[in-house]
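> Below: sequence and its predicted model.
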Amino acid sequence: MARESFDKEIQFLRMFVLTSGAYSRQQFAERLGISVHTFDKTLRRLKEIISGVYQQAPDAQRKEFADMMRYSYFDSTDPMLLFLFRAKSLKESESQRIAALLAALNEQPLTAIELLEACSKGIPSEAALPDEKTIRNDLKYLEEVGVITKTSVSRPYRYRMHNAFIDELSQDELIDLYDFIDVMANTQVPSVQGYLLRDGLKKHMNRSSAELMAAEPFLYKYQYYSRILDEAHLSGLLSAITQRRKVQFLYFSPKNGQSYASKNTNPLFEREMEGQLQKALPLQIVYDHQYGRWYLLAHDSRHGIRKFRVEGMTQIEPDELVDASFFNERKLDLEERIKLSWVIDTGRAVTVKVCFYNPGRSGPNFIKERVLLQGQWGEITEELEDSFVYEITVNGTTEIKPWIRSFGSSCEVLEPSEFRREMIEEWKELSGYYEPVRENI
């Protein structure tokens, strides 16, 4: 997982795929809260990532990856966040050290002192030589992410590459494993770790036999690209929940005209930030399948339960620990308040009654199948030959409305009356959009 934050690049890519080239350089920079110079520098950096990561690829393949930096997301075929993880997960000096460490461990198990000597020989002469503390920190990081493992239980510890599982698999088993990871990474959430595992396995298979990866059996186009970008924050937030630790971050509301603010160290270039500095205790992370959004539910000492869109969270940093009893009380309070939430609404509970109309007498009833699949804890209370009535008690109607609206003319809201009138007005407005401009059209 990444050891550096890359908020700017994430927001940069998000703006790229959302605007599809509709903004000029100046507009793009203003929306991000950066200078035009920083915009140009970041764009060059992202292009260098592609050429650097895939410098060993054939020319035709390199061109395909270069095309990923077009303004339109739909010109790309791979999650863009992976480029950031590859390029910014480690600093340049760390990349040199870790590459030297892994090269040495690939030959035989070694102790930290032996690795220090091997690393000093393996990095460029102009680079700063590491000390023993730095090497031990690198080994701890590699062990945490599962790249290496200890071979002894007593000091001095010897470390070796943790790849025995892959080495024991046959070629057919490797292909089956790759296909499984590929399917799961593209269909389940979260996916970033799956993509990283898939790419690591792919490199291993290419080293053993180029014929293994001659053709990809599955091709996916990701619908919610923002969901992939937001996953960069999940590991840190989940760690904070596990450790019962508060986090501090700069938050940009979805209604805000700005989505990022650079950290200016020169007081002459300080600008007013539109984001709000927040400090809260993370309690739960929720994914909204309807819109492909991640939400953080947290406790704030002033406002109680708070909800944050993860896409608006930048500069996330860990803060103080809290007592276990305090954390558990807030967790139980949150679970009680969202027990009837369609997603994360904590408003007043209301019973919604909807009549769904069957598609026809012949063939499968895909309307009913979808309601049973997606209707959560709601129940079908009445069934007729051409329709059925569905009831559910939820916290407010705001979050369930898009789901009901997605059925179009196949459903009718019966209760509550306020919600029914609201839906009628919305459909009248939509109908007005389709009225002809001239009578003879």
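Sure, I can see it.
> Wasn't residue 28 part of a helix?
Yes: judged by DSSP: H, G, I helix; E, B strand; the rest coil, residue 28 forms part of a helix.
> gap between it and residue 16?
Computed as Cβ to Cβ, to the nearest Å, the residue 28 to residue 16 distance reads 8 Å. Heads up, the C-betas are built off the backbone N, CA and C, glycines and all.
> which residues does the closest residue to residue 189 other than its chain neighbours contact?
Leaving aside its sequence neighbours, residue 189 sits nearest to residue 287 (Cβ to Cβ, 6 or more residues apart in numbering; 5.4 Å). By Cβ atoms under 8 Å, 6 or more residues apart in numbering, the contact set of residue 287 is 189, 227, 293-295.
> Report the contact partners of the closest residue to residue 237 other than its chain neighbours.
In space, and not counting its chain neighbours, residue 237 is closest to residue 282: 5.4 Å by Cβ to Cβ, 6+ apart. By Cβ under 8 Å, 6+ apart, residue 282 lies in contact with 237, 240-241, 246-247, 296-298.
> Tell me which two of the residues you listed sit farthest apart.
Using Cβ to Cβ, the contacts of residue 282 span at most 13.9 Å, a distance reached by 246 and 297.
> Which one of these two is surrounded by more residues?
Between residue 246 and residue 297, counting by other Cβ atoms under 10 Å, residue 297 is the more crowded of the two (23 against 20).
> tell me which element that one falls in.
Per DSSP states H and E: residue 297 is located in strand 293-300.
> Which strands or helices does that strand pack on?
On a contact count with 3 or more Cβ pairs under 8 Å, 6 or more residues apart in numbering; DSSP states H and E, strand 293-300 meets helix 225-230, strand 276-288, strand 304-309, helix 324-337.
> rerun at 7 Å
In terms of contacts (3 or more Cβ pairs under 7 Å, 6 or more residues apart in numbering; DSSP states H and E), strand 293-300 is packed against strand 276-288, strand 304-309.
> So which of these is nearest residue 46?
Closest to residue 46 of these, according to Cβ to Cβ: strand 304-309, at 23.8 Å.
> Please export the C-alpha coordinates of that closest one as CSV.
Presented in CSV, the C-alpha positions along strand 304-309 are these (Å, rounded to 0.1, in the frame of the first residue of the first chain):
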residue,chain,number,x,y,z
GLY,A,304,-22.2,14.0,17.0
ILE,A,305,-22.6,11.6,14.0
ARG,A,306,-21.1,13.1,10.8
LYS,A,307,-21.1,11.9,7.2
PHE,A,308,-18.4,12.6,4.8
ARG,A,309,-18.0,11.8,1.1
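> ok, then the element right after it?
The helix or strand immediately downstream of strand 304-309 is strand 313-321, counting by DSSP H and E.
> How far away from the center of its chain is that following strand?
Taking Cα atoms, centre = their mean, to the nearest Å, the mean C-alpha location of strand 313-321 is offset from the chain mean by 17 Å.
> quick one on the thing from earlier: buried sites along the strand holding residue 297?
293-299 (16 or more other Cβ atoms under 10 Å).
> Could you look up the SS state of residue 399?
coil.
> oh sorry, the question was meant for residue 254
From three-state DSSP, the assignment for residue 254 is coil.
> For it, give its distance to residue 351.
29 Å.
> returning to what we had before: which of the buried residues of strand 293-300 lies at the shortest distance from residue 356?
Nearest to residue 356, judged by Cβ to Cβ, of the buried residues of strand 293-300 is residue 293 at 26.1 Å.
> and residue 335, what pLDDT?
Residue 335 carries a pLDDT value of 93.
> Please disregard the earlier target; I meant residue 83.
Looking at residue 83, its pLDDT is 62.
> do the same with residue 352
pLDDT recorded at residue 352 is 95.
> count of neighbours near it?
22.
> Is it located within a helix, as I assumed?
No: using three-state DSSP, the assignment for residue 352 is strand, not a helix.
> list the contacts for the closest residue to it other than its chain neighbours?
Nearest in space to residue 352, with sequence neighbours left out and distances taken as Cβ to Cβ, 6+ apart, is residue 392 at 5.5 Å. The neighbourhood of residue 392, defined by Cβ atoms under 7 Å, 6 or more residues apart in numbering, consists of 352, 375-378.
> if you set the cut-off to 10 Å instead, what comes out?
Residue 392 makes contact with 340, 342, 350-354, 375-379, 400, according to Cβ atoms under 10 Å, 6 or more residues apart in numbering.
> Select only the buried ones of the residues you listed in ChimeraX?
One line in ChimeraX is enough to select the buried ones among those; burial here means 16+ other Cβ under 10 Å:
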select :340,342,350,352,353,354,375,378,400
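> Return the member of the contacts of residue 392 nearest to residue 201.
Nearest to residue 201, judged by Cβ to Cβ, of these is residue 376 at 35.6 Å.
> if I've got this straight, that closest one is in a strand?
No: Residue 376: not assigned to a strand; according to three-state DSSP it is coil.
> Verify the contact between residue 146 and residue 162 for me.
Yes: counting by Cβ atoms under 10 Å, residue 146 touches residue 162, with 5.9 Å between them.
> Compare these two (neighbour count), which wins?
Legend: neighbour count by other Cβ under 10 Å for residue 146 and residue 162, higher for residue 162 (16 against 10).
> hang on, the earlier thing: for residue 246 and residue 297, list the residues in contact with both.
Common neighbours of residue 246 and residue 297 (Cβ under 10 Å, 6+ apart) are 280, 282.
> thinking again about what came up before, can you tell me how far the residue nearest to residue 189 sits from residue 150?
Distance of residue 287 to residue 150, computed by Cβ to Cβ: 36 Å.
> Residue 343 too?
Going from residue 343 to residue 150 by Cβ to Cβ gives 43 Å.
> Between these two, which is the more surrounded one?
Shown here are residue 343 and residue 150; by other Cβ under 10 Å, residue 343 has more neighbours (21 against 14).
> for the more buried one, what are its contacts?
By Cβ under 10 Å, 6+ apart, the residues touching residue 343 are 286-291, 293, 295, 307, 394-395, 398-400, 402-403.
> Residue 189 now?
For residue 189, the contacting residues are 224, 227-228, 231, 234, 287, 289, 292, 294, by Cβ under 10 Å, 6+ apart.
> ranges for the strands of the stretch 1-150 of the chain?
Along the stretch 1-150 of the chain, the stretches classed as strands by DSSP state E, counting those that start in this stretch are 110-111, 148-150.
> and the shortest one, what does it pack onto?
So that's strand 110-111. For strand 110-111, the packing partners by 3 or more Cβ pairs under 10 Å, 6 or more residues apart in numbering; DSSP states H and E come out as helix 112-122, strand 158-161.
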